[in-house]
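Participant: the following block contains a protein sequence and its predicted model.
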4 protein chains.
Amino acid sequence: MIIAFSVTPLGVGESVSEYVADAVRVVRDSGLPNSTDAMFTSIEGEWDEVMAVVKAAVDAVAAKAPRVSVVLKADIRAGVTDGLTAKVAAVEERLAEN
Amino acid sequence: MIIAFSVTPLGVGESVSEYVADAVRVVRDSGLPNSTDAMFTSIEGEWDEVMAVVKAAVDAVAAKAPRVSVVLKADIRAGVTDGLTAKVAAVEERLAEN
Amino acid sequence: MIIAFSVTPLGVGESVSEYVADAVRVVRDSGLPNSTDAMFTSIEGEWDEVMAVVKAAVDAVAAKAPRVSVVLKADIRAGVTDGLTAKVAAVEERLAEN
Amino acid sequence: MIIAFSVTPLGVGESVSEYVADAVRVVRDSGLPNSTDAMFTSIEGEWDEVMAVVKAAVDAVAAKAPRVSVVLKADIRAGVTDGLTAKVAAVEERLAEN
């Protein structure tokens, strides 16, 4: 399973990079495969281990903000490993064909 | 906390109401406050109890589909109860003012 | 097409009902079929008319907030009308069967 | 504005890389700053130009699938340019601090 999630604090002003960094730190400390871009952090693993990391990341932000908004998308497909890389490679391969 | 989530099976055709019903059944059996509209099912409760229901609902769909896409949005705000009703009431009150 | 969207202002404090009401007012003034629950407002129509309403709703919030986060999910299926009602009815029918 | 979006075809089987490639091709042909990872494609620009690209990408997938699910998140903040890079740099800077 791959999930992409974002954690947005409310009630702390318009700049959120400090809080996002707190969440990303938790993800990187987890040791699970992950990547972060401008809008989401993606993590790969089994549901329980990934959701435990998401909860810890959300808690890290909720500790410093009165309200937190979380957006999450999951792609669940049995038997897929290294989807963080393989999914992009499959698309690039298609693009290269035409 | 309130979460709104959707569970979409892939690889089973374009009609998904059967699978969505499987997920909604799990949510309704949970006893947690919930509502379902055309796009999402919302549940209110603490993180662990809500996410356990989401996982069970996803598992119910994943049992019948080779791939499942989950979209979830959470609104986490300490001290809020009955947010499913209160949030809408607050908006309606504002709308009635003007 | 049905879209469910949320508009969240950042930099204006933790209470957002005033801003959500501004967005919902735009949606209701549009005349398109719509519904609002605790997490999303859903609208039904063709892409251009619906996205014009979403843009106007976002602009209404962006006029009063330095930063705005929008989350949107669309279900696009040719030939479907009154999906806001029919999709829920299809799920309820399935639930009633078992 | 930055948006991250995904386009998922239904009714065409569990493998969707062909369809995602069709959507990504439209995005890359647009000339707008963009990036694609395993879960989302992000684009930066003004609302109208970005949403025109999203619509064209969705149409490319809808041309080959009976049903399409779109998930989109937008971060709207006046005066920000090159957010695709700057947002990640701001988080990395925070992480490097501690």
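Facilitator: Looks like it arrived, so ask away.

Participant: which helices and strands sit right next to the longest strand anywhere in chain A?
Facilitator: Ranked by number of residues, the top strand in chain A under DSSP state E is strand A:67-77. Here strand A:67-77 touches strand A:2-10, helix A:47-62, helix A:83-97, helix B:47-62, strand B:67-77, going by 3 or more CB pairs under 8 Å, 6 or more residues apart in numbering or on different chains; DSSP states H and E. All C-beta spots, glycine's among them, are computed from the backbone N, C-alpha and C.

Participant: turn those into CSV, including mean neighbour count and mean pLDDT.
Facilitator: Converted to CSV, the helices and strands packed on strand A:67-77 look like this (neighbours: other CB atoms under 10 Å in any protein chain shown; pLDDT from 0 to 100):
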stretch, mean neighbour count, mean pLDDT
strand A:2-10, 24, 98
helix A:47-62, 19, 98
helix A:83-97, 15, 96
helix B:47-62, 19, 98
strand B:67-77, 23, 98
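
Participant: of all the ones you listed, which one is nearest residue D:4?
Facilitator: strand A:2-10 (8.1 Å; CB to CB).

Participant: ok, back up a step: run the chain-centre distance for the longest strand of chain A.
Facilitator: A distance of 8 Å separates the centroid of the chain from that of strand A:67-77, by CA atoms, centre = their mean, to the nearest Å.

Participant: hey, C-alpha coordinates of that strand in PDB?
Facilitator: Output of strand A:67-77 as PDB, limited to C-alpha atoms (Å, rounded to 0.1, in the frame of the first residue of the first chain):
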ATOM      1  CA  ARG A  67      -7.000  22.300  14.700                       C
ATOM      2  CA  VAL A  68      -5.500  20.000  12.100                       C
ATOM      3  CA  SER A  69      -6.700  19.100   8.600                       C
ATOM      4  CA  VAL A  70      -5.500  15.800   7.100                       C
ATOM      5  CA  VAL A  71      -5.900  14.800   3.500                       C
ATOM      6  CA  LEU A  72      -4.900  11.200   2.500                       C
ATOM      7  CA  LYS A  73      -5.100   9.100  -0.600                       C
ATOM      8  CA  ALA A  74      -4.200   5.400  -0.500                       C
ATOM      9  CA  ASP A  75      -3.500   3.000  -3.300                       C
ATOM     10  CA  ILE A  76      -4.000  -0.600  -2.100                       C
ATOM     11  CA  ARG A  77      -2.900  -3.400  -4.400                       C
END
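
Participant: one step back: in CSV, list the helices and strands packed on strand A:67-77 along with distance to residue D:35.
Facilitator: Compiled in CSV, the helices and strands packed on strand A:67-77 are given as follows (distance: least, CB to CB, whole Å):
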stretch, distance to residue D:35
strand A:2-10, 13
helix A:47-62, 22
helix A:83-97, 10
helix B:47-62, 28
strand B:67-77, 21
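
Participant: distance from stretch A:73-89 to the middle of the chain?
Facilitator: How far stretch A:73-89 lies from its chain's middle: 13 Å, per CA atoms, centre = their mean.

Participant: pretty sure residue A:44 is touching residue A:4, no?
Facilitator: No: at 10.3 Å, residue A:44 and residue A:4 do not qualify as touching, with contact defined as CB atoms under 8 Å.

Participant: if we can go back for a sec, Provide the strand pairings for the longest strand of chain A, with the direction of each partner.
Facilitator: strand A:2-10 (antiparallel), strand B:67-77 (antiparallel) (DSSP bridges).

Participant: and the ones you listed as TSV, adding distance to residue D:15?
Facilitator: Shown next, in TSV, are the strands paired with strand A:67-77 (distance: least, CB to CB, whole Å):
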stretch	distance to residue D:15
strand A:2-10	15
strand B:67-77	8
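
Participant: between those, which one is closest to residue D:92.
Facilitator: Closest among these, using CB to CB: strand A:2-10, at 16.4 Å.

Participant: alpha carbons of that closest one, as PDB, please.
Facilitator: C-alpha atoms of strand A:2-10 as PDB (Å, rounded to 0.1, in the frame of the first residue of the first chain):
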ATOM      1  CA  ILE A   2       1.100   3.600  -0.800                       C
ATOM      2  CA  ILE A   3      -0.500   6.500   0.900                       C
ATOM      3  CA  ALA A   4       0.100  10.200   0.100                       C
ATOM      4  CA  PHE A   5      -1.000  12.500   3.000                       C
ATOM      5  CA  SER A   6      -0.800  16.100   4.000                       C
ATOM      6  CA  VAL A   7      -1.200  17.600   7.400                       C
ATOM      7  CA  THR A   8      -2.300  21.300   7.600                       C
ATOM      8  CA  PRO A   9      -2.500  23.100  10.900                       C
ATOM      9  CA  LEU A  10      -5.200  25.800  11.400                       C
END
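
Participant: circling back: angle of the longest strand of chain A against helix A:47-62?
Facilitator: 160 degrees (axes from the mean of the first three to the mean of the last three CA atoms, to 10 degrees).

Participant: okay, the angle between strand A:67-77 and helix A:83-97?
Facilitator: Using the same axes, to 10 degrees: strand A:67-77 against helix A:83-97 is 70 degrees.

Participant: the spatially closest residue to residue A:53 that is not a sequence neighbour: what's it in contact with?
Facilitator: Counting by CB to CB, 6 or more residues apart in numbering or on different chains, residue A:30 is the residue found nearest to residue A:53 once chain neighbours are left out, at 4.4 Å. Residue A:30 is in contact with A:43, A:49, A:53, A:56, counting by CB atoms under 8 Å, 6 or more residues apart in numbering or on different chains.

Participant: list just the nearest of these to chain B.
Facilitator: residue A:56 (10.8 Å; CB to the nearest CB).
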